[in-house]
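Engineer: Quick check, what structure comes out for this input:
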Amino acid sequence: MISPKQLLVTLLLSGILISCSTHVCGKCGNQSDPLLHHAFNNEDQLKRYNLIRDSIASHRLHLLSSLNSGNPQHQILKKASLYLTEKITARLFPFWYGTSWDYNGTTERPGEGGIACGYFVSTVLKHAGFKIEKVKLSQQPASNIIKTLCKKESIKVFGNNREREFLRYMNAQPNGIYLLGLDFHVGYLHKTDSKLHFIHSLGGTGVIREKASESEPIQLSNVHFVGSLSGNDDLMRRWLTGKVITTRGVQ
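Structural biologist: Modelled structure (predicted):
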């Protein structure tokens, strides 16, 4: 007779108990490293998430030291932008995939509780080391969130349901992280060469990463309000120096 331990090993090896070990997760439809995905399955995963946060904080101090040593500021800011883009999109985001959406959700722990779209944006930035006014920022309209965090010259608004024009515009933009505001929604855009993904906390679904061209919220929105986050040198400078980022908009 097979023991419970032997049965568990057999099931694990056959892939029955690891639904995310294949290319696409059955829970949220996202492709991801199975060791990162659905961090809420194991308390150890939260420890790994916090180790990534610690490594980001450590690297920030390293870059700050380089800046204070007299190295060219534009080079340091560029390094900071590239570093944060990689860490946020490849290391922090995956832990959040599958986390539940909640209109009043404010969870700080990926995979536990629920999180609203604005709080998802602010919480990831907080965990990446930005000194933001989290609650105040999260409760702002999408336009104010974008005005607070994005380079002014990069902000562009597409009204009257000009989805196709918006997508063409984004396809011509540099690689990096952008913020996108819709009629009643906000999230991240990740541009990589010819690919554009929308990462956001969606009602009825939770936190997902999807192709922007196939995103229903993008398709249905009358307004597309977009700005560059990783291309904002002032934001990168404030991240490096640990300065508070004051929220623009409604009090």
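Engineer: those strands in the chain, which residues are they?
Structural biologist: With DSSP state E as the criterion, the chain has strands at 100-101, 114-115, 131-132, 156-158, 176-182, 185-192, 195-202, 206-211, 224-228, 244-245.
Engineer: Mind putting those strands into JSON lines with distance to G70 and mean pLDDT?
Structural biologist: In short, each C-beta sits where N, CA and C put it, glycine included. Converted to JSON lines, the strands of the chain look like this (distance: least, C-beta to C-beta, whole Å; pLDDT from 0 to 100):
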{"stretch": "strand 100-101", "distance to G70": "47", "mean pLDDT": "97"}
{"stretch": "strand 114-115", "distance to G70": "41", "mean pLDDT": "98"}
{"stretch": "strand 131-132", "distance to G70": "24", "mean pLDDT": "98"}
{"stretch": "strand 156-158", "distance to G70": "36", "mean pLDDT": "98"}
{"stretch": "strand 176-182", "distance to G70": "27", "mean pLDDT": "98"}
{"stretch": "strand 185-192", "distance to G70": "32", "mean pLDDT": "98"}
{"stretch": "strand 195-202", "distance to G70": "37", "mean pLDDT": "98"}
{"stretch": "strand 206-211", "distance to G70": "40", "mean pLDDT": "98"}
{"stretch": "strand 224-228", "distance to G70": "28", "mean pLDDT": "98"}
{"stretch": "strand 244-245", "distance to G70": "25", "mean pLDDT": "97"}
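Engineer: Identify whichever of those strands lies nearest to S81.
Structural biologist: strand 176-182 (7.0 Å; C-beta to C-beta).
Engineer: And for the closest one, what's in contact with it?
Structural biologist: Residues outside strand 176-182 that contact it (C-beta atoms under 8 Å, 6 or more residues apart in numbering): 81, 84-85, 88-89, 121, 141-143, 145-146, 149-150, 154, 170, 186-191, 198, 217-218, 221, 223-231.
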